[in-house]
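*Asks:* the following comprises the amino acid sequence and a computationally predicted model.
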Amino acid sequence: MKKIFVKTAVVGLLSMGLASCADDLNISSIDPQTSSSYEDMQLLAKIYSTMGLTGQSGPSGNGDISSDEGESGFYRTTFNLQEQPTDECNWAWQTDTDIPQLTGIGWNSSSPRVQWCYQRLGFNITLCNFYLTNTADRAEDADYKLYRAEVRFLRALYYWYFLDLWNKAPFKDESFAIDELPICKGGKDLYDWLDNELTEIEGELAPIGDFNNSQNFGRADQGSAYILHARLALNSAVYTNGAVKDYQKAVSYCDKVINSGKYALASTPKAHPSNGLTYSGYAQVFMADNDQNAEAMREIILPIRQDGKSTKCYSGANYLVSSMRIVGMPYMGTTNGWSCNYARPNLIQKFFPAENIPMSSEKAPDGATEEDIIKLDAQDGSDTKSIIAAAGDDRALFYAGRGGGIRKLHVEKMSNFLDGISIVKWQNIRTDGGTTNDVEFPDTDIPLLRYAEAFMTRAEAKWRLGDNEAAIKDINVLRNRANAKAITAINSEEDIIDEWCREFYMEGRRRSDLNRFDRFVGKKYIWDWKGGVPTGQTVDSHFKFYPIPIDDMNGNPNMEQNDGY
C-alpha cells in the first residue's frame, strides 16, 4: 500500500495545478482547474492536509481561499462558529472584523466569518469530488477502494458541518457534471444522505482502530465513521425538525466503538522531567507529543495532524495555543501570546458553581521572572494545579494567576484578554520534556474525534431513551478518569449538557450541543454576553442556524436562504 504523507502533504502539490482561490471556485459552485499531470496520491494527501493547513506554502502567502489566510482554515472557521457565540469563550478584541456580531449572536447573510467557513467546507468538498471522479476507473483496486472510502468519509464529515451549521448544503457529488451548480440539500434529505453514505462506506474503510498507530495516525478508519455516525444520529431530531429520533442508532454505533477494545481513555498521569508538573491523562490528550505518547494516542480516533516545522499555519493548533495566552503567563510553550480567547464566566461555573475559583488579586512585581511568577501563583493558589485541586476535577485546565496581569470574572465592558479566566487546555509542551519542533507553531495534533465522545453520546442517548442508570454509568467513566466525584443521579437535562461542557469545552462543538437541548437560542438558557449585553438576553430562534452567504445566494440560484435572514 502506498504511504500517505499527511504531515508533509504540501510537498509537490503545486504540480497539480489546483486553483488556490475560492474566487476561482465561485465559493463552491465550480470545480477547481486541474492539469492532466496531477498525481492522485498527492491529491489524496492534499485532501487530508486541508484539515490542518490553509494553503500551499506555509503559514501564509498562497492560500486556498481568497481571504485572510490565517482566518480561512477548516478548524479555525468551524471552531469559531461553534464556540465564539456560546457560553464557553469570548474574543477579547471586539474591534476585529465581524467579532461583535459573532460573539453576540447578531450575524447576517453578509457576515465574513460565516462566509469563510462556508467557503472552506465547499473547497474541501470540491477536492473530494475531484478525487472520486478521477479515480473512478480504479474503484475495484484494493488500495484505491480504501482511499476512496477515506475520501468519502472526509466529504461526509464536511457535509455534516454544513448540516449542523446551516441545516443545508450546496450539495454536489462526483455524479455531477463539472459545470453543474450544486443543488440545495438540507434537513431530513441531507440527514438521510449522510446516514446512507456513512453506512455504505463503513464496510470499505480500514477496520476499526487499524490506523491508531504511529504509521497511519491521522487517517480515517471505521472508528472515525462510527463516531461521526453516532454524532449524526444523536442530533437527528435537530436536523430533521423532530421527524427522526435515531437515539438507539447512536447507542449502537457507540457500542461498536466502546466494545471494539481498540481505544482507551488516557488515564495514567505523567510527571514532566524538568518543569515540576504532573499532567493528568486528560491533559495529555491536548499536548505537543499526543501523536507519540501512547497514553494520548489510544484515545484519539481521528486527529488533525500538526507539526511546528512542516505544517505551519494560523488556523490549527497555533490558533488554539496562541489565542489563549498572553505574554507573561508561565509555561507558555510558544513565543506567541495573541491574548484573544478567554473563558466566559459560565464556563468557569461548570467547575465552580459558586464562582469561587482561586484567583490572584495582586500584580506581579515589575521585572518578575517566570520562576518568580510561578512561585507567586502557587502562593496565591491561582495556578492551574491549585485550580484543579479546588475544582476536584482534572479537566479544570484554567489559569488565574499573575502572569500577564490580573484577571476578572465579570465585566461590564469587554476590552481585553484579562476580562476573563485563561484557558490552558491546549499546550505546546511535551510530556517527556523533549523540545518541540518550533517555538511559535505548535506540534499539538487536534483530536477532532476522540474516544470520550462515545461515552457521552451513549450516555445522552440512553438518557433520552429513559435508561438513566446506563447514562449515569457512562458519565461516571469520564468523571472517574478526571478524578471527579461520581454522580448518583441525573436530576435534569442540565446535568447532561453541563457534563458535555466539562469534558469537551473549547473543542469546537458547544453550539451544536446547546442546540440539541434547545438552549442556544431563546430564553431557556441565558449566559453572560449572550445577545451582546453583559448579563445576556434572549436571541431570536432564527439564529439556530447560520445564513447562506449572500455571495452564494447570488451566484447559485439553486440555494434557498434559511428563515429569518
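*Replies:* Alright, I've got the coordinates.
*Asks:* mind listing the strands for this structure?
*Replies:* Assigned by DSSP state E, the chain shows strands spanning 89-91, 168-171, 183-186, 270-271, 278-279, 300-304, 341-343, 398-399, 422-423, 446-450.
*Asks:* so which of the ones you listed is nearest Thr50?
*Replies:* Thr50 lies closest, by CB to CB, to one member of the strands of the chain: strand 300-304, at 10.0 Å. Placement of C-beta: from N, CA and C, glycine included.
*Asks:* need the contact partners of the closest one.
*Replies:* 51-52, 74-75, 212, 217-218, 220, 223-224, 227, 257, 263, 285, 290-291, 316, 445-451 (CB atoms under 8 Å, 6 or more residues apart in numbering).
*Asks:* also stretch 399-412?
*Replies:* So stretch 399-412 is contacted by 325-330, 337, 339, 342, 345, 348, 355, 357-364, 368, 370, 373, 376-377, 380, 382-384, 387, 417-424, 528, 534 (CB under 8 Å, 6+ apart).
*Asks:* between the two ends of stretch 174-187, what distance do you get?
*Replies:* Counting by CA to CA, to the nearest Å, you get 21 Å between the two ends of stretch 174-187.
*Asks:* buried residues in it?
*Replies:* Across stretch 174-187, burial judged by 16 or more other CB atoms under 10 Å covers 174, 181-182, 184-186.
*Asks:* what of stretch 316-336?
*Replies:* Applying a neighbour-count criterion of 16+ other CB under 10 Å, the buried positions in stretch 316-336 are 316-326, 328-334, 336.
*Asks:* so for stretch 367-378, mean pLDDT?
*Replies:* For stretch 367-378, mean pLDDT is 97.
*Asks:* how far does the lengthiest helix in the chain sit from its chain's centre?
*Replies:* Secondary structure of the chain per DSSP state H: the longest helix is helix 142-166. Distance of helix 142-166 from its chain centroid, counting by CA atoms, centre = their mean, to the nearest Å, is 16 Å.
*Asks:* for it, name the packing helices and strands.
*Replies:* Identification of packing neighbours for helix 142-166 by 3 or more CB pairs under 8 Å, 6 or more residues apart in numbering; DSSP states H and E yields helix 40-49, helix 74-83, helix 112-134, strand 168-171, helix 187-202, helix 222-234.
*Asks:* hmm, try it at 6 Å
*Replies:* For helix 142-166, the packing partners by 3 or more CB pairs under 6 Å, 6 or more residues apart in numbering; DSSP states H and E come out as helix 112-134, helix 187-202.
*Asks:* buried ones in it?
*Replies:* 144, 146-166.
*Asks:* circling back to that earlier point, for Asn62, find the nearest of the strands of the chain.
*Replies:* So among the strands of the chain, strand 300-304 is nearest, using CB to CB, at 20.0 Å.
*Asks:* helix 142-166 and that closest one, what's the angle between them?
*Replies:* Interaxial angle of strand 300-304 relative to helix 142-166 (axes from the mean of the first three to the mean of the last three CA atoms, to 10 degrees): 80 degrees.
*Asks:* what's the angle from strand 300-304 to helix 74-83?
*Replies:* Using the same axes, to 10 degrees: strand 300-304 against helix 74-83 is 110 degrees.
*Asks:* in its sheet, which strands sit next to strand 300-304, and in what direction?
*Replies:* Partner strands for strand 300-304, per DSSP bridges, with pairing direction: strand 446-450 (antiparallel).
*Asks:* and Gly404, how far from Glu174?
*Replies:* With distances taken as CB to CB, to the nearest Å, Gly404 is found 50 Å from Glu174.
*Asks:* whoops, I mixed them up, Trp107
*Replies:* As judged by CB to CB, Trp107 and Glu174 stand 32 Å apart.
*Asks:* quick one: contacts for the spatially most central residue of the chain?
*Replies:* With distances taken as CA atoms, centre = their mean, the residue of the chain nearest its centroid is Gly508 (3.4 Å). Each residue near Gly508 by CB atoms under 6 Å, 6 or more residues apart in numbering is listed here: 78-79, 82.
*Asks:* with Arg155 instead?
*Replies:* Applying CB under 6 Å, 6+ apart to Arg155 gives the contacts 125, 128.
*Asks:* grab the nearest non-local neighbour of Pro100.
*Replies:* Nearest residue to Pro100 in three dimensions, chain neighbours excluded: Gln94, at 5.2 Å (CB to CB, 6 or more residues apart in numbering).
*Asks:* so that neighbour makes contact with Met414?
*Replies:* Yes. Gln94 is within contact range of Met414, at 5.4 Å (criterion: CB atoms under 6 Å).
*Asks:* which ones are touching Glu69?
*Replies:* Listed by CB under 6 Å, 6+ apart, the contact partners of Glu69 are 54-55, 60, 63.
*Asks:* which two from the buried residues of stretch 174-187 end up farthest apart in space?
*Replies:* Glu174 and Gly186 (20.1 Å).
*Asks:* what's the closest non-adjacent residue to Arg511?
*Replies:* Take Arg511 and drop its neighbours on the chain: the residue closest to it by CB to CB, 6+ apart is Gln82, 4.6 Å away.
*Asks:* flag every buried residue along stretch 379-390.
*Replies:* Neighbour-count burial for stretch 379-390 flags 380-384, 386-388, 390 (criterion: 16+ other CB under 10 Å).
*Asks:* I meant stretch 236-251, not that one.
*Replies:* 236-240, 244-247, 249-251.
*Asks:* and Phe171, how many neighbours?
*Replies:* Look at Phe171: counted by other CB atoms under 10 Å, it has 20 neighbours.
*Asks:* check the offset of stretch 324-342 from the chain's centre.
*Replies:* Counting by CA atoms, centre = their mean, stretch 324-342 comes out at 20 Å from the chain centroid.
*Asks:* ditto for stretch 43-60
*Replies:* In terms of CA atoms, centre = their mean, the centre of stretch 43-60 is found 17 Å from the chain centre.
*Asks:* put the alpha carbons of that stretch into CSV.
*Replies:* Extracted in CSV, the C-alpha atoms of stretch 43-60 (Å, rounded to 0.1, in the frame of the first residue of the first chain):
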residue,chain,number,x,y,z
LEU,A,43,-4.2,14.9,-4.3
LEU,A,44,-5.1,12.4,-1.6
ALA,A,45,-2.5,14.0,0.7
LYS,A,46,-3.8,17.4,-0.2
ILE,A,47,-7.3,16.4,0.8
TYR,A,48,-6.1,15.2,4.2
SER,A,49,-3.9,18.3,4.6
THR,A,50,-6.7,20.7,4.2
MET,A,51,-8.0,19.7,7.6
GLY,A,52,-5.0,21.3,9.1
LEU,A,53,-3.4,23.7,6.5
THR,A,54,-4.7,26.8,4.7
GLY,A,55,-2.6,26.8,1.5
GLN,A,56,0.4,25.5,-0.2
SER,A,57,3.4,27.5,1.1
GLY,A,58,3.5,27.5,4.8
PRO,A,59,1.6,29.8,7.2
SER,A,60,0.7,32.4,4.6
